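*Asks:* Based on what follows, work out the 3D shape:
(one chain, ligands or ions: 1)
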Amino acid sequence: MPRFDAIGPLRAATTGWRAKGERVVLVPTMGALHAGHLALVAQAHALGRRVVVSIFVNPTQFGPTEDFSRYPRDVEADLALLAEAGVDAAYLPDVETMYPAGFSTRIEVTGLTEGLCGEYRPGHFAGVATVVAKLVNQVGPDIALFGEKDYQQLRVITRAMRDLDVPVEIRGVPTLREADGLALSSRNRYLTPAERALAPQLHATLSRIAGALAAGEPSAGPVAKGRAELEAAGFSVVQYLSVRDAETLAPVEEVVRPARVLAAAYLGRTRLIDNVPVVPIG
Ligand code: PAF
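*Replies:* You can find the predicted model right below:
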């Protein structure tokens, strides 16, 4: 599997593929790859002839007190997984390649970034939108894939690429879960065994709320009950538990069009996020 660290040779490869009419699909990641990433790679193979996976732990999307320095990094294991998955190219730029001296540009998406994770992670989505725009410009894919686990991120990236006329199609891929419902995440490895045992409660609570909403209940009751359940289960801080329009992320009282129940909560020092769809019945 070819590995690229520099923009020029990477672009030469992807431009060559596209010139032959081969569709290129990009899967941007921060490494510490797990089965959820491999599901994105499988979907990429289904959608295009050439699959590029980027690995870059992007410093600009971490806050000063967040886990940038301890974010899991295991490049050799990641590359082995990607080679086994038949990826056509791995792209591993370093920080100087992505943010050379004098770098001064930031993409700010308004509205969509103002609640949910945006409220608790100031600057996070500007970091994400900026790095994704750069990766897309560097790779030149026809399609870029993102997991639905980071649902607000998916909406923000879709908006930014549309607003800036970036010629790429952004697609979401449903969240892969452990058998007990826990969404796969690189950060799950931070959980102690006791926390890991409690973690599936997050998905269970979101699913109960989604069921009540799909059956026509207004959101306030199930959301209040769900928050109490999470706190009773041992989640130390529930940052948000909210029902939002699936496209605009505007708060929703009664579900009449596709919506999403989203949450962020701490188990000990680990912040977990998850979300589930709500499709109104009838
Ligand atoms: O979801 C992630 O892993 C990151 O936010 C992304 C999209 C690769 C940008 O750094």
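
*Asks:* Which parts of this protein are strands?
*Replies:* Per DSSP state E, the chain carries strands over the ranges 3-4, 24-29, 50-55, 89-91, 143-147, 169-173, 237-245, 259-267, 270-278.

*Asks:* low pLDDT regions in the stretch 101-250 of the chain?
*Replies:* Across the stretch 101-250 of the chain, nothing is flagged by pLDDT under 70.

*Asks:* mind listing what's buried in stretch 71-78?
*Replies:* Under the neighbour-count criterion of 16 or more other Cβ atoms under 10 Å, stretch 71-78 has Tyr71, Pro72, Asp78 buried. In this view, the C-beta of every residue, glycine as well, is placed from N, C-alpha and C.

*Asks:* want to try JSON lines for these, with pLDDT as columns?
*Replies:* Below are those laid out as JSON lines (pLDDT from 0 to 100):
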{"residue": "Tyr71", "pLDDT": "95"}
{"residue": "Pro72", "pLDDT": "94"}
{"residue": "Asp78", "pLDDT": "98"}
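
*Asks:* any chance of those residues in a markdown table, plus distance to the ligand?
*Replies:* Formatted as a markdown table, the buried residues of stretch 71-78 follow (distance: Cβ to the nearest ligand atom, whole Å):
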| residue | distance to the ligand |
| --- | --- |
| Tyr71 | 10 |
| Pro72 | 12 |
| Asp78 | 12 |
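
*Asks:* Taking the stretch 151-282 of the chain, what residue is nearest to the ligand?
*Replies:* Per Cβ to the nearest ligand atom, Gln153 is where the stretch 151-282 of the chain lies closest to the ligand, at 5.8 Å.

*Asks:* Not counting residues beside it along the chain, what's closest to that residue?
*Replies:* Closest residue to Gln153 apart from its sequence neighbours, by Cβ to Cβ, 6 or more residues apart in numbering: Val128 at 5.7 Å.

*Asks:* Kindly provide the distance from that neighbour to Pro28.
*Replies:* Look at Val128 and Pro28: by Cβ to Cβ, to the nearest Å, they are 9 Å apart.

*Asks:* again, but for Ala126
*Replies:* 16 Å.

*Asks:* who's more crowded, the two?
*Replies:* Pro28 (24 against 19; other Cβ atoms under 10 Å).
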